[in-house]
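K.L.:
Any chance you can model this:
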Amino acid sequence: MSGGVLAVLEQRDGALRKVSHEVVTGARRLGDALGGTVDALVLAAGAVGGGADQLGAFGADKVITLTHAAFARYAPEGYSRAIAEHVRAGGYRAVVFAASATGKDLAPRVAARLGVPLAQDVTDVGVESGAVTVVRPVYAGKALLKLKLAASPALVSLRPNVFTPVQRPKAGVAESAAAAVPGGGGGGGGRVTVREIKAAQAGALDVAEAPIVVSGGRGLKEPANFKILEELAGRVRGGGGGGGVARGGGCGVAAACRPGGPDGQDRQSHALHRRRHLGRDPALGGDAHGESHRRDQQGQGRADLQGGRLRNRRRSV
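P.N.:
Purely as a prediction, here's the structure:
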């Protein structure tokens, strides 16, 4: 399968996740540039719904389902072993994952089994002189880094909410096969077992799939004050914001109770609108964090500073 691309999809509770359509779209772009076909791979305990039968319309030439009793939930070792074996057998030029919470755990495991590097959190893909190229943000999104992946297969994970799914008038071929996952214990799932995945509250979107995320940080002081964000979320959702405001667990609303989101990752996609420093401490007469930061920048107490001003260190020659 020279030039073929494999799109690794995600399912939860037997239904395909929205980010899977974005992965197929990105894989299709690579497949067209490489002149090869695109296979979509999903691992599950049985048949997968939620639009799995429509993946051909998003660019998949073939939809392959590997079934195993241990694959009802995400099984890190079983998944990575089955995917690595399928990649070796298929001879793919590139493998595409989602840079979701699951993908950020799964993709490095597959890369380690295949002995190739991995480009994560990618926002653009292409092909130059027969080699896969990717673009990813660095320095907290202040710069873009372009990489050429010389290894084969090229492994990449795509940042969610960046690759808009594009439908094509085409139907893909569906295949299903039982996955043989020897060893590792746990009935084929491996030593690591996912016991439960907590779903979002009724009517709420997953943070990774929301077009708009309302978040709060230290400025709100305590969880009780997150009702302010709940009201804002309701207004955005009711005001034609696409119904894309996500609620998170524990704190009441949205991406996080602290900077970086619930999984500790800094989400900076173009669809994300953060609201930082939503509160000030009246007792301190302003933003205590900002004042502390300015004092640190001025270097108060350092030997080469006098009265908060830089000492003239010029010397006559």
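K.L.:
got the contact list for stretch 120-136?
P.N.:
Under the criterion CB atoms under 8 Å, 6 or more residues apart in numbering, residues 26, 29-30, 33-34, 93-94, 96, 99, 104, 107, 119, 137, 144-150, 154, 156-159, 162 lie in contact with stretch 120-136. All C-beta spots, glycine's among them, are computed from the backbone N, C-alpha and C.
K.L.:
What pLDDT is listed against residue 222?
P.N.:
The per-residue pLDDT reported for residue 222 equals 82.
K.L.:
And it, how far from residue 214?
P.N.:
In this view, residue 222 and residue 214 are 17 Å apart by CB to CB, to the nearest Å.
K.L.:
more neighbours, these two?
P.N.:
Taking other CB atoms under 10 Å, residue 222 and residue 214 do not tie; residue 214 has more neighbours (27 against 8).
K.L.:
So residue 39 sits against residue 4, correct?
P.N.:
Yes - Residue 39 is within contact range of residue 4, at 6.5 Å (criterion: CB atoms under 8 Å).
K.L.:
list residues touching both of these two?
P.N.:
Shared contacts of residue 39 and residue 4 (CB under 8 Å, 6+ apart): 90, 92.
K.L.:
picking up where we left off before, in ChimeraX, select just the buried ones from the contacts of stretch 120-136.
P.N.:
Burial among the contacts of stretch 120-136 is assessed by 16 or more other CB atoms under 10 Å; the matching ChimeraX selection reads:
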select :26,29,30,33,34,93,94,96,99,104,107,119,137,147,149,154,156,157,158,159,162
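K.L.:
where does this protein have low pLDDT?
P.N.:
Within the chain, the segments meeting pLDDT under 70 span 1-3, 50-53, 169-172, 174, 176-189, 199-209, 237-317.
K.L.:
per the record, what domains does it have?
P.N.:
The chain resolves into domains spanning 5-188, 207-279 when parsed by automatic domain parsing.
K.L.:
and the gap between residue 222 and residue 216?
P.N.:
11 Å.
K.L.:
what does residue 226 give?
P.N.:
Distance, residue 226 to residue 216, by CB to CB: 6 Å.
K.L.:
Also residue 126?
P.N.:
Here the distance between residue 126 and residue 216 works out to 38 Å (CB to CB).
K.L.:
quick one, which of the two is more surrounded?
P.N.:
residue 216 (28 against 14).
K.L.:
At which residues are the strands of the stretch 1-150 of the chain located?
P.N.:
5-8, 11-12, 15-16, 38-44, 62-67, 94-98, 118-122, 124-128, 131-138, 143-149 (DSSP state E, counting those that start in this stretch).
K.L.:
No further queries at this time; thank you.
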